[in-house]
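Undergrad: Here is my input; please provide its structure:
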Amino acid sequence: MPLPAHLRDQLKRAASSVVLNLAEGAGRGTNADQRRFFQIAMGSLRESRAILDIANITLHDELADKLGAHLYRLIQSKGG
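TA: Model (predicted):
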C-alpha cells in the first residue's frame with residue numbers, strides 16, 4: 001500500500017530531521033546543546049516509525065532499532 005501524499009511528505013520531513021539534527025548537534029559546543037538536538041533527532045526517528053506503522057510498512061525495522069539505540073547512547077553520554 002503506497003503512502004498517502006500527506007504521510008509521504010511528513011515522512012520525508014521527519015527522516016530529514018533525524019539527519020539534520022544529528023549534524024547540528026554534533027556541531028554544538030556544550031553537552032546540553034548537543035543533547036537537545038540529539039533528543040529532537042530521536043523524536044523525529046519515532047515520528048518516522050509511527051508513520052510507517054500507520055501505513056503498515058515494516059521496512060528496515062532492524063536498522064531503525066539500531067539507529068534508535070545509537071541515539072539513546074548519544075543522549076545518555078551528554079548527560080541525558
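Undergrad: the helices in the protein, which residues?
TA: Using DSSP state H, the helices found in the chain span residues 5-26, 31-54, 61-77.
Undergrad: low pLDDT regions in this protein?
TA: 1, 80 (pLDDT under 70).
Undergrad: Spatially central, which residue of this structure would that be?
TA: Among the residues of the chain, the one closest to the centroid is Leu45, at 2.5 Å (Cα atoms, centre = their mean).
Undergrad: Would you confirm that it contacts Val18?
TA: Yes. Using Cβ atoms under 8 Å, Leu45 is in contact with Val18, at 5.1 Å. The way it works is simple: take the backbone N, C-alpha and C, and place the C-beta from them, glycine included.
Undergrad: what sits in contact with each of the two?
TA: Residues touching both Leu45 and Val18 (Cβ atoms under 8 Å, 6 or more residues apart in numbering): Leu67.
Undergrad: Just give me the neighbour total for Ser48.
TA: Neighbour count of Ser48, defined by other Cβ atoms under 10 Å: 21.
Undergrad: hang on, isn't it packed against Val19?
TA: No. Ser48 is not in contact with Val19 according to Cβ under 8 Å; the separation is 10.9 Å.
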